[in-house]
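Trainee: Predicted model follows, preceded by the sequence.
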Amino acid sequence: MPFGLLKYGLSNDYPAKHHFTPATELKKHYDVVIIGGGGHGTAIAYNLAKYHGITNVAILEKAYLGGGNTARNTAVIRSNYLTEAGVKFYSESVKLFNNLSNEFNYNVMMENRGQLTLAHSDAAIRSFRWRAEVNQHLGVRSELMDRQTIAELVPNLNMSEDSRFPIMGGLWHADGATARHDAVAWGYAKGACDRGVELHQLTEVEDIEITQGRVTAVKTNRGRVECGAVVQAVAGASSVVAKKAGIPLPIHCYPLQAMVTQPYKPILTPHVSSPQVHVYVHQTSRGEFVIGGGSDPYPLYNTRATLDQRETLSAAALELFPFLAQARLLRQWAGTTDMTPDYSPIMGLSPVENYYLDAGWGTWGFKATPICGVTMAELVATKKVPDLIKPFELERFYRFEQINEAGATAASH
Amino acid sequence: MKLLTCPLNGPRNISEFTYGGEYHPMPDPVHTDSRQWAEHVFFHDNAAGVVTEWWCHNASSFWFLAERNTISDEVIRTFEASEIFNQRIDFIAASTPEGSS
């Protein structure tokens, strides 16, 4: 083994090639400018280049690739939502996720370990039955699970009837999964850049020029860029960027905090979530326990971690998994979630003709990354809104046709 | 824990309060169409910087306003709503038959 390592070190394969060549100079004009170099932005660029032949594309990222909410989410993939529009949309995304490593020829470490949502009340059981019916009707694997099956599936879960909120049953979602979130952005960025897309990091959009209802150029800290169309995919900065284009959005930004423990031996297979005690827990393939889902109680553009959230998340996690009392926390962090009033995203056309919105991703952005790339690229290339994202248009708020997504994590947490 | 100063009760733990949304003036009820109402109800400035917002002290149900920096999370000042709402709003005159369609 040491000899093999030495041989590798001296070979031409080392150092390993960069995933992609970072762009250097900004061109004067791009057909499409994508604001935001996270999972969504790179996915849109990848689909534009690979499936629509549009390669004169620049991704403008104010910091670095995948450094925002793409790095801060807890990497949960699922489609057991409640609205027809939501279930259809997210289940397409799960299908794309399942083939993503093949699509990229790059390992995104997809693991189909299933997701269990716990019910601690009769009301929760009723609502889960409803969700299971909706899901099954739309072809998503989702079913009600009784106490005994839960105890067999997750032997280390606290099934005591003496706890504050005893577990009465659960919603089992066999399609639930997790993947390496960074690898998703890297895979898309690599595939896009291999096909001629330019990724410009440390490039912040400062202003957006609009003439007669059309966007003509963006001004960045590195100069002015003319463009045929603009897509904004900036999650937590959605309101701030859209304001530069004169577009008001129904969004409020809240920090969402999560934390991980040190790595331990594999002991927990599925993702376990409890809307009642406001926590979800899963063990990563590295062995860390991810403990997540605490929204701050008021809006903030800040990703600091607080002791309050550490206390409430820990207390809730211990209630489900008492053995975690022995675990040591490794880190705690926050991401800025762009919350919409109906817990559904805002995708598609905007009041500005060639300016497209990919916003309002709250707590459901990572799991939508692949389908978002496909549908938004189709919209930009064909100028026709795909049926799958038609319900999520900004205009729905003016018609009072919100998509009340009660299956969203933040709707219950 | 972070403290918030209630104009009625003085400084208290922020866990005693509920955030009540951005302060934004209500449109004139007589001359507002449903599009403008939608914008008033759903759309937010969501500014990164100093904002004016509603807060409620739960225990005393006292609603007041605060100026807070949404980047640094510093509360600049809290004040009674009467500082802004210093005139009666005449809803009865606004809900005439012509205007109530």
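Mentor: Nice, I can see it. What you see is a predicted model; the values in this text were computed from it and never measured.
Trainee: When you work out contacts or count neighbours from here on, use the C-alpha atoms and nothing else.
Mentor: Noted.
Trainee: Which helix runs longest in chain B?
Mentor: Ranked by residue count, the top helix of chain B under DSSP state H comes out as helix B:34-42.
Trainee: Pull out the buried residues from that one.
Mentor: B:37-38, B:40, B:42 (16 or more other CA atoms under 10 Å in any protein chain shown).
Trainee: what do you get for stretch A:46-65?
Mentor: A:46-49, A:54-62, A:64-65.
Trainee: among these, which are in strands?
Mentor: A:57-60 (DSSP state E).
Trainee: mind listing what residue 19 touches?
Mentor: Using chain A. A:186, A:190 (CA atoms under 8 Å, 6 or more residues apart in numbering or on different chains).
Trainee: Please refer instead to chain B.
Mentor: So B:Y19 contacts A:297-298, B:53-56 (CA under 8 Å, 6+ apart).
Trainee: Show me what the helix or strand A:D358 falls within is packed up against.
Mentor: Assigned by DSSP states H and E, A:D358 belongs to strand A:355-359. Applying 3 or more CA pairs under 8 Å, 6 or more residues apart in numbering or on different chains; DSSP states H and E, one finds that strand A:355-359 makes contact with strand A:223-232, strand A:346-349.
Trainee: avg pLDDT for the last one?
Mentor: Translated: strand A:346-349. For strand A:346-349, the mean per-residue pLDDT is 98.
Trainee: Show me what from the stretch 151-300 of chain A comes close to chain B.
Mentor: Residues of the stretch 151-300 of chain A lying near chain B by CA under 8 Å from any CA of the partner chain: A:239-240, A:248-253, A:297-300.
Trainee: now for those residues, which pair is the farthest apart?
Mentor: Between any two of those, the greatest separation by CA to CA is 23.1 Å, found for A:P248 and A:P297.
Trainee: who has more neighbours, those two?
Mentor: A:P248 (21 against 14; other CA atoms under 10 Å in any protein chain shown).
Trainee: Spell out which parts of chain B neighbour chain A.
Mentor: Counting by CA under 8 Å from any CA, chain B sits next to chain A at B:1, B:18-19, B:34-35, B:38-39, B:42-48, B:70-73.
Trainee: so what's the closest residue to chain A within chain B up against?
Mentor: In chain B, the residue that lies nearest chain A is B:F43 (3.8 Å; CA to the nearest CA). B:F43 makes contact with A:248-251, according to CA under 8 Å, 6+ apart.
Trainee: go on, A:G9?
Mentor: Counted by CA under 8 Å, 6+ apart, A:G9 has contacts A:P15.
Trainee: backbone phi and psi for it, please?
Mentor: phi -60, psi -30 (degrees, to the nearest 10).
Trainee: per-residue pLDDT, it?
Mentor: On the pLDDT scale, A:G9 gets 85.
Trainee: Then B:D28?
Mentor: B:D28 carries a pLDDT score of 85 in this model.
Trainee: Now do the same for it: helix, strand or coil?
Mentor: Secondary structure, DSSP: H, G, I helix; E, B strand; the rest coil: B:D28 is coil.
Trainee: Now it: phi and psi?
Mentor: phi -60, psi 120.
Trainee: Just give me the neighbour total for it.
Mentor: A count of nearby residues for B:D28, using other CA under 10 Å, gives 11.
Trainee: before we move on, what about A:F366?
Mentor: 27.
Trainee: ok, now the one 3 residues further on?
Mentor: The number of residues packed near A:T369 is 27, by other CA under 10 Å.
Trainee: gap between it and chain B?
Mentor: 24 Å (CA to the nearest CA, to the nearest Å).
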